[in-house]
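Visitor: The amino acid sequence is not available; the structure is as follows:
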């Protein structure tokens, strides 16, 4: 029976695990859990192919526990019920045995399904291990999360992936690989051990048929074609292409923006990464000229999370076109950076007394909040002449709206408010002199 290469190379002991030294190294949290002999419920959070299932299986072996796997994609409450029954049978058998229930992609379970684990985790019937590629703070119920330690797993580095290739070659599972081909394979794997091993296995089969003793870069491209048109996500080509996409949006060219967007998808860029960049573009290059752009970018990101590829990619395409044709303004971006630079240089000025919070009698006696004017009680909801900056600070004028989109109206509103402030302050000054 054929056993996949990824399974043949799966570590049999903790010492064989490649990478994840931040949790498995000497003295690290998860390593100490193994050495303590006392399993505990946990969430393994990390991208695909970084060892979540392997670590869970090793925990079962280390603690001589029954190992039950549930896929949250395919399973449901019925599977949870069956796992409970198996755990009870193992506990109550002649040779009482612990049970570890491993839930792959636990974020796919809804609240009620996740809640079904709680009483059994609390009673100690089984140890719960969840694997997720999503942030557990958002995707795992707080009640379950509070009963499980969270371990963050990182993508494997290129040196880790090279070790995997060497192990595959050591068992003669793959032929020699030319350095240029290996670099391309490492870039394609992008920290995912399973993707690398599955690709190596495909190459080994193809090389065997052709009686080829070495995988060259040219042959690699010929055999895998489309799959190898991938970016080295730390390399120059990737950043050049995202730069071209961003500048096409900024330059209001929807065709160019779509072209670079599809080029990146075709090259293997993570659509979630592109969604995050669109949110950034909406804030940096469109801003308040069209505030709807930011909401649309967030909606597109959410649609992709719900639908995945390829359906969700259309929402991202819609987003990139909208961003390209929307009116442009970097006024908020510039203002924010100027404010940050000013605060770093200027230091901390005291908050004016009239703006301070006065929740206690003592603070009120110390004049905290004294003479503060509540804007909603003023004409048009605006306290003309009121000062909100620290005492003695000249108005810096960080935000300068442009004459495009909604900022045309914002600029007009600011001119009106500024004029009312000047008039009120002038009246205050002349009134003071008259007295």
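Guide: Thanks, I have the structure now. Since the model is a prediction, treat every value here as computed from it, not as a measurement.
Visitor: Which residue, other than its chain neighbours, is closest to residue 309?
Guide: Closest residue in space to residue 309, ignoring its immediate chain neighbours: residue 271 at 6.3 Å, by CB to CB, 6 or more residues apart in numbering. Placement of C-beta: from N, CA and C, glycine included.
Visitor: Next, count neighbours for the one you found.
Guide: By the measure other CB atoms under 10 Å, the count of residues near residue 271 is 21.
Visitor: Contact partners for it?
Guide: Residue 271 sits next to 265, 304, 309, 312-313, 316 when contact means CB atoms under 8 Å, 6 or more residues apart in numbering.
Visitor: and stretch 317-332, which residues are buried?
Guide: Buried residues in stretch 317-332, defined by neighbour count with 16 or more other CB atoms under 10 Å: 317, 319-324, 326-332.
Visitor: And stretch 406-424, by the same measure?
Guide: Quick answer for stretch 406-424 (16+ other CB under 10 Å): 406-407, 410-411, 420-421.
Visitor: Filter the contacts of residue 271 down to just the buried residues.
Guide: Buried members of the contacts of residue 271, scored by 16+ other CB under 10 Å, are 265, 304, 312-313, 316.
Visitor: how about these in a markdown table, adding distance to residue 50?
Guide: What follows is those, written out as a markdown table (distance: CB to CB, whole Å):
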| residue | distance to residue 50 |
| --- | --- |
| 265 | 23 |
| 304 | 22 |
| 312 | 23 |
| 313 | 25 |
| 316 | 25 |
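Visitor: ok, the residues you listed vs residue 36, which is closest?
Guide: Checking the buried ones among the contacts of residue 271 against residue 36 by CB to CB gives residue 304 as the nearest, at 41.0 Å.
Visitor: Can you tell me the element the closest one falls in?
Guide: Counting by DSSP states H and E, the element that carries residue 304 is helix 292-307.
Visitor: Of the buried ones among the contacts of residue 271, which belong to helices?
Guide: Among those, the members falling in helices (DSSP state H) are 265, 304, 312-313, 316.
Visitor: Residue 290 touches residue 325, doesn't it?
Guide: No: if you go by CB atoms under 8 Å, residue 290 and residue 325 don't touch, sitting 9.6 Å apart.
Visitor: In the stretch 151-300 of the chain, what residue spans correspond to helices?
Guide: For the stretch 151-300 of the chain, the helices defined by DSSP state H, counting those that start in this stretch occupy 158-170, 179-189, 193-209, 217-224, 236-250, 254-266, 271-281, 292-307.
Visitor: cool, the stretch 1-150 of the chain as well?
Guide: Ranges of helices within the stretch 1-150 of the chain are 5-8, 21-24, 29-36, 52-62, 77-92, 111-115, 118-123, 136-139, 142-145, based on DSSP H, counting those that start in this stretch.
Visitor: So which of those is nearest residue 275?
Guide: helix 136-139 (15.2 Å).
Visitor: contacting residues around the closest one?
Guide: 43, 45, 106-107, 130, 132, 145, 150.
Visitor: and if we set it to 7 Å?
Guide: Residues outside helix 136-139 that contact it (CB atoms under 7 Å, 6 or more residues apart in numbering): 43, 45, 107, 132, 145, 150.
Visitor: Also stretch 147-154?
Guide: 20, 22-23, 29-30, 40-46, 50-52, 121-122, 128, 130, 136.
Visitor: distance between it and the chain's centre?
Guide: Mean-position distance between stretch 147-154 and its chain equals 15 Å (CA atoms, centre = their mean, to the nearest Å).
Visitor: rewinding a little: and which of the buried ones among the contacts of residue 271 is nearest residue 201?
Guide: Within the buried ones among the contacts of residue 271, the smallest distance to residue 201 is 25.5 Å, found for residue 265 (CB to CB).
Visitor: Now for that closest one: which residues touch it?
Guide: So residue 265 contacts 271, 313 (CB under 7 Å, 6+ apart).
Visitor: between the ones in helices among the buried ones among the contacts of residue 271, which is nearest residue 196?
Guide: Looking across those and measuring by CB to CB, the closest to residue 196 is residue 265, at 21.2 Å.
Visitor: ok, back up a step: in ChimeraX, select just the buried ones from the contacts of stretch 147-154.
Guide: The ChimeraX selection below is limited to those of these classed as buried (16+ other CB under 10 Å):
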select :20,23,30,41,42,43,44,45,46,50,51,52,121,128,130,136
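Visitor: May I ask you to confirm that residue 216 is in contact with residue 179?
Guide: No: here residue 216 lies out of contact with residue 179, judged by CB atoms under 7 Å, at a distance of 10.0 Å.
Visitor: Comparing these two, which residue is more hemmed in?
Guide: More crowded of residue 216 and residue 179, by other CB under 10 Å: residue 216, with 14 against 8.
Visitor: Quick check: chain neighbours aside, which residue is closest to the more buried one?
Guide: Closest residue to residue 216 apart from its sequence neighbours, by CB to CB, 6+ apart: residue 178 at 4.7 Å.
Visitor: Relative to residue 203, how far out is the one you found?
Guide: 12 Å (CB to CB, to the nearest Å).
Visitor: Please identify every residue contacting each of those two.
Guide: residue 215.
Visitor: Compare neighbour counts for those two and give me the winner.
Guide: The neighbour count for residue 178 versus residue 203, taken as other CB under 10 Å, is higher for residue 203 (21 against 15).
Visitor: returning to what we had before: how about a markdown table for the buried ones among the contacts of residue 271, with pLDDT and distance to residue 395 added?
Guide: As requested, these are exported to a markdown table (pLDDT from 0 to 100; distance: CB to CB, whole Å):
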| residue | pLDDT | distance to residue 395 |
| --- | --- | --- |
| 265 | 89 | 46 |
| 304 | 92 | 42 |
| 312 | 91 | 45 |
| 313 | 94 | 46 |
| 316 | 97 | 41 |
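Visitor: for the helices of the stretch 1-150 of the chain, which one sits closest to residue 223?
Guide: Residue 223 sits nearest to helix 5-8 of all the helices of the stretch 1-150 of the chain, at 16.4 Å, using CB to CB.
Visitor: so how far is that closest one off the chain centroid?
Guide: 29 Å.
Visitor: helices and strands around it, which ones?
Guide: For helix 5-8, the packing partners by 3 or more CB pairs under 7 Å, 6 or more residues apart in numbering; DSSP states H and E come out as helix 193-209.
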